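Engineer: sequence? don't have it. structure:
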């Protein structure tokens, strides 16, 4: 595996950073400890500029190449936040913050980008400028949008942007990517059904919101099965239903909530439209009322063609042609790197994490064996995109 030898030399050092970040997880924008570590490391590497508090707690480091005749500026992004999960890895570097853990590998993403930044600041074997982007609040807080809204792209004149995420189940030393829609748009809904409560022994005097809610939940599944083209992709999952507290009382209200995932704008619109029609029709039929809160979340993570082809070529340089899948099926999970891809052309790639627990699992841990692969990808991407003439 032709990873860059320099990363093998300080693999242990990068692993130490990763595990230190793992010990000290922060939720959403509360990643000050990790952001401080990032800034301290970037300063020790001698990067040219370090700017904090972008998108609240984001950090951007600027590394200038040996020359800048190309005028190119490329952004490389890693996420820093953790999840509200109780860790059960049993590792000596397990989270010391109760109820929080790095269950998605953002500790590894941050450490790998720091490793690449150290190498790039040492060698400067490129013609142009690199912006290393350390983002908070990927896990539901839209930190990517916050950094974009703070003017990051224009402030640093970023022209292209690249992201990477580990993938459990994909062997270490392999990459997966596709042009176009790679990850789904993520919308959420909360529906409160107001009926008429009564004693459970006299249901004829009620408008039972439990009956209405359960019928709606069943009917909503027909959107994907009967309204969406079978050749398209959509997911509608109701994940919680709450109503009542007593065995002999029909409650006044019932609430259910969940998520919708889609890969195309027109399918996103269709599902939202049919959702409201079904809910409103059922409550009208029962004489109940409904309050619908339907919120659009992250947009589709959409890889640009030219940048996807380029990222694939770089990955092949690191792991070989047979270890890069350029036809990765779309994933219905969401990713707020999508906001950066809406602002600038770029590509998001998956990197193998090996045979580990899945993302967002209490026993998940980032695979430190993958560190040289990820660091090499970042460094080779920069050196290939902006070669010194």
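Structural biologist: Here it is on my side, so go on. Just so it is clear, the structure is predicted and the values come from calculations on it, not from any experiment. Numbering: from 1, shown residues only.

Engineer: My read is that residue 220 contacts residue 277, right?
Structural biologist: No - contact criterion Cβ atoms under 8 Å: residue 220 and residue 277 do not qualify, at 10.6 Å. Where C-beta positions appear, they are placed from N, C-alpha and C, glycine not excepted.

Engineer: Tell me which of those two has more neighbours.
Structural biologist: In this view residue 220 and residue 277 are compared by other Cβ atoms under 10 Å, and residue 220 has more residues nearby, 23 against 12.

Engineer: Stretch 90-108 - what's its average pLDDT?
Structural biologist: The pLDDT scores in stretch 90-108 average 97.

Engineer: Figure out the helix or strand that residue 222 lives in.
Structural biologist: helix 209-222 (DSSP states H and E).

Engineer: Could you list the low-pLDDT ranges of this structure?
Structural biologist: Filtered on pLDDT under 70, the chain yields the residue ranges 1.

Engineer: how about the helices of it, start to end?
Structural biologist: 5-9, 11-23, 32-45, 106-123, 143-149, 152-155, 209-222, 265-286, 305-319, 338-343, 371-385 (DSSP state H).

Engineer: Which stretch among those approaches residue 63 most closely?
Structural biologist: For these, the distance to residue 63 is smallest for helix 106-123, at 5.1 Å, taking Cβ to Cβ.

Engineer: Work out the gap between the helix holding residue 222 and the centre of the chain.
Structural biologist: 30 Å (Cα atoms, centre = their mean, to the nearest Å).

Engineer: Next: stretch 357-373.
Structural biologist: Centroid separation for stretch 357-373 versus its chain: 15 Å, with Cα atoms, centre = their mean.

Engineer: Please apply the same query to stretch 12-29.
Structural biologist: 18 Å.

Engineer: now stretch 2-14
Structural biologist: The chain centre lies 26 Å from the centre of stretch 2-14; the measure is Cα atoms, centre = their mean.

Engineer: This structure - how does it break down into domains?
Structural biologist: As assigned by automatic domain parsing, the chain contains the domains 5-182+300-385, 185-296.

Engineer: most tightly surrounded among these?
Structural biologist: Comparing those by mean neighbour count (mean count of other Cβ atoms under 10 Å), domain 5-182+300-385 comes out on top with a mean of 20.

Engineer: where's residue 78 relative to residue 26, distance?
Structural biologist: Using Cβ to Cβ, to the nearest Å, residue 78 is found at 14 Å from residue 26.

Engineer: Quick check, residue 42 in contact with residue 52.
Structural biologist: No - counting by Cβ under 8 Å, residue 42 does not reach residue 52; the two are 10.0 Å apart.

Engineer: Need the residues touching each of the two.
Structural biologist: residue 59 (Cβ atoms under 8 Å, 6 or more residues apart in numbering).

Engineer: list the contacts for the closest residue to residue 17 other than its chain neighbours?
Structural biologist: Spatial nearest neighbour of residue 17, chain neighbours left out: residue 111 (4.6 Å); criterion: Cβ to Cβ, 6 or more residues apart in numbering. Contacts for residue 111 (Cβ under 8 Å, 6+ apart) come out as 14-15, 17-18, 21, 371.
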